[in-house]
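# Here is my input; please provide its structure:
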Amino acid sequence: MTVRRSDRRPALVREFPPAPEDAHPVVLVHPGAVPAADYAALADVLRPTAALVVVDLEQVPEYFEAALTGGPPATSIDALADRVVALLRDRGLPDRWTLAGWSFGAVVAHAAASRLTAAERPQRLVLLDSIAPVPEYTAADDELSADLVLGWFAMYLAAKRGTPVDAPPAGVGLDAGLDHLLAAALRTRVA
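The predicted structure is shown next:
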C-alpha cells in the first residue's frame, strides 16, 4: 500500500496525555513552524490541574500552502477563526476553559473568541508574542516591505530548521533577499 503525504499528516487537534476529568481545559492555537509535539513539556507542567489541547493551524492546507504560493492566500483570519470556532463547538465547550494563541495563532484565537457567544467565551484569553489586535498595528499588503517580510521568513526558517538563519541585509530587495535566505539556510545544520 502506498501512503501519500496527506495520509501521514498530523491531526488538526493534538490532545496530550489526559489530565484528570476535572482539569481546566486549555486550548492553544498554534501557528505552525515548529511541531505541535513540542508542546508536550508544557502539557506535562500543566498536568494535573489543566489539560492541553493544541489546534495546529499548519494542518489546515489553505494556511500551510499560503507560504508556498506566490498569489494571495486561499484563506483568511476570519476563515481560520470560523474553522477554530466550529471545531470547538463540535468538541463541546466547557463552562470554564482558557483559549490561548501564540504569534499568528494568537491573532486567530482573538478572532475566534470574538465569534463566540457570551456563554461560550473562555474564562481567560491569553495572547502570546502577537501583534496587538487594534487598527494601529495592522498593515495593508502594499505597506509590507521586503525587509519586514524577509525578516519574518528568516525567523520562520530558523524555527523550522531549529538553528539560526541570518536575515538578508536591509534594502537588498525581495529576489536577492530570497537568494540570501536560501544560501544561509543551506549553510546551516539542521538541529
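# Any figure for the gap between the residue nearest in space to the middle of the chain and Ile77?
The centre of the chain sits closest to Pro31, judged by Cα atoms, centre = their mean, with a distance of 0.6 Å. Noted for Pro31: a distance of 12 Å to Ile77, by Cβ to Cβ, to the nearest Å. In short, each C-beta sits where N, CA and C put it, glycine included.
# list residues touching both of the two?
Val108 (Cβ atoms under 8 Å, 6 or more residues apart in numbering).
# gap between stretch 81-96 and the chain center?
17 Å (Cα atoms, centre = their mean, to the nearest Å).
# meant to ask about stretch 18-26, not that
Per Cα atoms, centre = their mean, the centroid offset for stretch 18-26 relative to its chain is 23 Å.
# thinking again about what came up before, so the residue nearest to the centre of the chain touches Val60, yeah?
No. In this structure Pro31 lies outside contact range of Val60 using Cβ atoms under 8 Å: 10.7 Å.
# For the host helix or strand of Val55, which helices and strands make contact with it?
Here Val55, judged by DSSP states H and E, is contained in strand 50-56. Identification of packing neighbours for strand 50-56 by 3 or more Cβ pairs under 8 Å, 6 or more residues apart in numbering; DSSP states H and E yields strand 13-15, strand 24-30, helix 40-46.
# quick one, which of the ones you listed is packed in tightest?
strand 24-30 (a mean of 22; mean count of other Cβ atoms under 10 Å).
# re earlier: with distance to Lys160 and mean pLDDT added, can I get the helices and strands packed on strand 50-56 in a markdown table?
Formatted as a markdown table, the entries for the helices and strands packed on strand 50-56 read as follows, by distance: least, Cβ to Cβ, whole Å; pLDDT from 0 to 100:
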| stretch | distance to Lys160 | mean pLDDT |
| --- | --- | --- |
| strand 13-15 | 18 | 91 |
| strand 24-30 | 14 | 96 |
| helix 40-46 | 18 | 93 |
